[in-house]
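Engineer: Turn this into a structure:
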Amino acid sequence: MNSLSSKQQLLHLLQIQPLELHQEFSAMAKMPEAEVVALAEPVAEISVGIETAQPAEPVYTESYSEPNPELTFAKDVLVALSEYQPDLQWRLNPACTEPMLQNGLLVTPSIELLQSAQQKKLLWLCLQQES
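Structural biologist: Residues are numbered from 1 along each chain as shown. So this is what the prediction gives:
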């Protein structure tokens, strides 16, 4: 129960609305697992083809910068991280297009980009994976 209220407080602090499942996902949740896996296989093949066609560029730690704690949004995220994910370090990477976790390090795009509603949702989903 404490974990749920902590997540709700973090959502409120980051001004993120919970995502709603579309009907397709709700229907998949009711399917037997074998059918869901069969549906997911073509998507996996497509993503593998994309990855081999366009390999991801390595992320270098030299391009990371610490968020400016004077900015209001950065301050909110830092407070939330210290309260709910104290072991997680946060760095900005201007080459990054969405928040990601790398071995206890939260890497996000610039603060300006991170303040968009879509990026806030991605940040919340990323943080949920860590907890």
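
Engineer: residues contacting residue 129?
Structural biologist: Contacts for residue 129 (Cβ atoms under 8 Å, 6 or more residues apart in numbering) come out as residue 101. All C-beta spots, glycine's among them, are computed from the backbone N, C-alpha and C.

Engineer: could you point out where the protein is predicted with low confidence?
Structural biologist: Along the chain, the parts satisfying pLDDT under 70 run over 1-4, 17-62, 130-131.

Engineer: With the flanking residues excluded, which residue is spatially nearest to residue 13?
Structural biologist: Using Cβ to Cβ, 6 or more residues apart in numbering and skipping residues adjacent in sequence, the residue nearest residue 13 is residue 80, 4.9 Å away.

Engineer: Can you show me the helices along the chain?
Structural biologist: In the chain, the segments counted as helices under DSSP state H are 2-14, 23-30, 33-53, 72-84, 111-114, 117-130.

Engineer: my guess is the residue nearest to residue 13 meets residue 14, correct?
Structural biologist: Yes - counting by Cβ atoms under 8 Å, residue 80 does reach residue 14; the two are 6.2 Å apart.

Engineer: Overlap in contacts, those two.
Structural biologist: With Cβ under 8 Å, 6+ apart, residue 80 and residue 14 have no common neighbours.

Engineer: Residue 105: neighbour count?
Structural biologist: 13 (other Cβ atoms under 10 Å).

Engineer: Which residues does it form beta bridges with?
Structural biologist: residue 89, residue 102 (DSSP bridges).

Engineer: Look up how far residue 126 lies from it.
Structural biologist: Separation of residue 105 from residue 126 (Cβ to Cβ, to the nearest Å): 11 Å.

Engineer: same check, this time on residue 71
Structural biologist: 20 Å.

Engineer: Equivalent analysis for residue 87, please.
Structural biologist: 15 Å.

Engineer: The two - which one has more neighbours?
Structural biologist: residue 126 (16 against 7).
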